[in-house]
Every structure is written in structure tokens, then in C-alpha cells.
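This is a predicted model, with the sequence first.
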Amino acid sequence: MAFILFDDELIRNQLKPFTFTRPVADIRCGILTIRDKWAFRFKTKITCLSKRYLEEILAESSINTYINGAVCPDENLIAEIEKLSVGECLVDDSNNVLAIRTTEKLSFPIDFQPFTQKKFDGEVIIITQLPHIFLKNGDQIKADFKLITAGRKSQEITDPFTRVYGAQNIFVEVGANIKSVILNAEQGPIYIGKNATIQEGSIVIGPVSIDEGSVVVWGSKIRPNTTLGPYSKAGGEVGSSVIFGYSNKAHDGFLGASVIGEWCNLGANCNNSNLKNDYSEVKLYNYATDKLEKTGELFCGLFMGDYTKAGISTMFNTGTVVGVCSNVFGAGFQDKHIPSFMWGGADTEYVDYRFDKALDVIRATMARRDKQLTDKDIAILQHLHDFKK
């Protein structure tokens, strides 16, 4: 049997700018991406069904199980999915289609009408809005921590100047470097990935995930419910935020209630607001409706798409959405929505970011990590540039 994670069209649009460059299932929430969570549990390769420009070769079989790529797995849901008969689809109380079992090859967007609905009465962990990524991150760190550390032994923390609280909730992978820091896992686990570094004078309060090859810069304050994805840097103060990977916030400044994509850079003293002065509900730009929508949240920060960079001392207002591959700078608070492939800032006029120049900057950025753009990466960016929003 093949397992395929599909994009729901409405959810996909609501999760832009992150789904401009990836299927929904490749969003990171917790330690792992959603795709990795399912792959870990099913012990098999998982492929994704998405827009044509993001398409990949699907691992299809005579019987296929299509699972909503916005859904995080748990044992109860998996048990119900395994009971599905061919021609049935599992739905939740909000009529979100959670899974389909079929002998057919489905295409995006999936037509759900031919399938017989079967109700799932349990709790569903589903990411349908941008704030869900950081709001559900703490619980997902706990779930992923339990999943990937089961039956394994952590590396010892041998540095005599490191202070540990809740040692049983800390897992350290091989090659991690920890010196003269405070790790407090009494309220939630701390996962420290392979070859990760936590430099002197830093404070980390769980639940937190510091993934493979990442660096917490000296003197940093990493608050609960934070994920630092692989090969990223974090400095200053970071809380209730998710950095997908290969991104840098290496200097002082505050990042809170925020989500940062891959290959982003926040210059020195970049800050975001995550709470309005009048304590009112935050509105957030929604790509599905092309306007600001109420989030129902008091705390809501910055959502930055892949390859975007911000100059030193850039200030982002409460509930700001920035697209893919933009370069933002200048004094004063930035606009609450900055489209993709823009160059400029609050005190200057935005202009189109030349595609060739954007690629040159991306190539230079990736070369510092011994990585390079693939032909597929370039095709995705070309598509987004041609239809930028």
C-alpha cells in the first residue's frame, strides 16, 4: 500500500507564503515536518500530491491511502485510517477530509464527492491557518520528542559549567556542543540535534527543538515552544516561533509568535511586534481571500517566506506576512503584507526584485552552506516570479 499526503486547496492557500515553495506536508511544526512524522510512523517513503509546479513522482500502488498533508499523526487517527475500506474517506467534525482509500490515481485538486464519508470522532491536530504553526508547535515538540527518542539513550552533558533542570526531558544527539548554558526542561522537553551548538551564556527553556547543525549564539534567550530547524542560527530573544531551516537570526533582537521559512536572514537588531498596544485581536493577510482577516489571536508576529532577507534594525508590525524572495529594509514599521520578489521598505518605494539578481543572491547564500539551487528550485522560483503575489 502507498501513502500519499495531499494538499487541500483551501488550506494550501491559507498557508501561503510557506506553501508557495513546498507542499503543505513539508511545513515544520515540532521537531519534524509533517511528512517526516508520517514517514517515521509508517516506516516507508511518503510522497506528496500538490500543485503541478511542485509535483513529484508519487509512490502509488494497487491500493493507495491519501492523507491530508495538513494533519499531524497520532495513534488514534492512524488506527482509524487503517480501518478504511476502498472508496471511503475519513472526515472530522469540521468536514475536513482526513484520509481516502482508493485504487485510483487521484490528481490535484482532489474531488471528494465520489467517496463515502466516515466520521472520525477523535481529536484532530490539523494546521489550517498560519498561526497554527507556532500555536501547535509546543505540543508537537513533545509528541515528536517522545516518538524519536523512544528506546534511545541521550549523549551525556559533560560540561561542568552547564546547569540542567529536568535532565530526564533533555535529549542530546551525537556531536552536539554545549558549553556554559542553562537548560530548563521542567515544563517541556529540549531536543538538541546532531552537531548542534549552544554557545556560552545562553538560556534555553523547553519545550524547544534545536535541530541538526544549528547554532544558538552566545548569550541568547530561547523561550518555550520554539523550533530552530536544521542548520540555522538564533541569537537574541526567540519565543513561540518556528524557523524551518537554513535561516539566520544571528544577532540581538526579538522574534516572537512567528514563523520563518528556509534560507532567510534577519539582520542585526531586527525586531517584530507580536502584541498590539491596545491588546486587540490581530488581523493577518490571508492569501485565500486577498485581505486582512481576524485571527482570533492576541499574540501573532511575523510570517516570512523562503529566501527573504531583512536589513539591520528592520521592524515588523504585529501580524506581518512577507512573501518569497523579497529584500526588506529601512526605518519604521514595514507594511503588514509584502508580496514576493519585492525590494524596498517602509521609508522607500518598493520595486520589483530582478529575477537574475535574486538568483545570484540565493546562490551566494547557499554556497556558504555547500548547497546549490537545483533545476527544480529554479523552475519553482521562476513560476512564482511570473505569477508573483
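Thanks, I have it.

residue ranges with poor pLDDT in the stretch 201-350 of the chain?
Applying pLDDT under 70 to the stretch 201-350 of the chain picks out no residues at all.

can you map out the helices along it?
Here the stretch 201-350 of the chain has no helices by DSSP state H, counting those that start in this stretch.

Compute the first-to-last residue distance for stretch 167-181.
Using CA to CA, to the nearest Å, the end-to-end distance of stretch 167-181 comes out at 14 Å.

Surely residue 343 and residue 352 touch.
Yes - Residue 343 lies in contact with residue 352 (CB atoms under 8 Å); the separation is 7.2 Å. Yep, even glycine has a C-beta here, placed from its N, CA and C like the rest.

the more surrounded of the two?
Neighbour count, other CB atoms under 10 Å: between residue 343 and residue 352, residue 343 has more, with 18 against 13.

who touches the closest residue to the more buried one other than its chain neighbours in this structure?
Using CB to CB, 6 or more residues apart in numbering and skipping the chain neighbours, the partner closest in space to residue 343 is residue 353 (4.4 Å). By CB atoms under 8 Å, 6 or more residues apart in numbering, residue 353 lies in contact with 325, 326, 327, 341, 342, 343.

try 6 Å this time
Neighbouring residues of residue 353 by CB atoms under 6 Å, 6 or more residues apart in numbering: 341, 342, 343.

now residue 284, nearest residue through space, not along the chain?
Per CB to CB, 6+ apart, closest to residue 284 is residue 319, 4.5 Å.

Checking my notes, residue 180 in a strand, right?
No - assignment of residue 180 by DSSP: H, G, I helix; E, B strand; the rest coil gives coil, placing it outside any strand.

returning to what we had before: closest one to residue 374 out of the contacts of residue 353, please.
Lowest distance from residue 374 to those (CB to CB) belongs to residue 341, with 19.3 Å.

Once you drop chain neighbours, what's closest to the closest one?
residue 353 (4.4 Å).

How about residue 249?
Sequence neighbours aside, residue 266 is the residue nearest to residue 249 in space, at 4.3 Å (criterion: CB to CB, 6+ apart).

Show me the domain layout of this protein.
Using automatic domain parsing, the domain parsing of the chain gives 2-128, 133-386.

Quick check: end-to-end length of the last one?
The first residue of domain 133-386 is 28 Å away from its last residue (CA to CA).

and residue 389, what pLDDT?
Reported pLDDT at residue 389 in the predicted model: 68.

what secondary structure does residue 77 sit in?
Secondary structure for residue 77, judged by three-state DSSP, is helix.

circling back to that earlier point, how about the contacts of residue 353 in TSV, adding distance to residue 7?
As requested, the contacts of residue 353 are exported to TSV (distance: CB to CB, whole Å):
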residue	distance to residue 7
341	23
342	25
343	30
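
Now, the residues you listed that are in strands?
Applying DSSP state E to the contacts of residue 353, the entries found in strands are 342, 343.

Relative to residue 82, how far out is the residue of the chain positioned farthest from its centre?
Residue farthest from the centre of the chain, counting by CA atoms, centre = their mean, is residue 160 at 34.3 Å. Distance of residue 160 to residue 82, computed by CB to CB, to the nearest Å: 49 Å.

And for residue 267?
Distance, residue 267 to residue 82, using CB to CB: 49 Å.

of those two, who's got more company?
Regarding residue 267 and residue 82, a neighbour count based on other CB under 10 Å identifies residue 267 as having more, with 18 against 11.

Find the nearest non-adjacent residue to the more buried one, please.
residue 312 (3.9 Å).

Check residue 203 too.
Using CB to CB, 6+ apart and skipping residues adjacent in sequence, the residue nearest residue 203 is residue 182, 4.7 Å away.

was I right about that neighbour contacting residue 162?
No - counting by CB atoms under 6 Å, residue 182 sits too far from residue 162 to count as a contact (7.6 Å).

can you tell me which residues contact residue 329?
By CB under 6 Å, 6+ apart, the contact list for residue 329 reads 311, 345.

Next: residue 243.
Residues in contact with residue 243 (CB under 6 Å, 6+ apart) are 228, 229, 232, 260.

can you pull out the strands in the stretch 51-200 of the chain?
64-68, 71-72, 88-91, 97-102, 116-119, 125-126, 163-165, 170-172, 177-178, 182-184, 190-192, 197-198 (DSSP state E, counting those that start in this stretch).

okay, the ones you listed, which one's buried deepest?
Stretch with highest mean neighbour count among the strands of the stretch 51-200 of the chain: strand 190-192 (a mean of 27; mean count of other CB atoms under 10 Å).

name the helices or strands packed onto that one?
Applying 3 or more CB pairs under 6 Å, 6 or more residues apart in numbering; DSSP states H and E, one finds that strand 190-192 contacts strand 170-172, strand 208-210.
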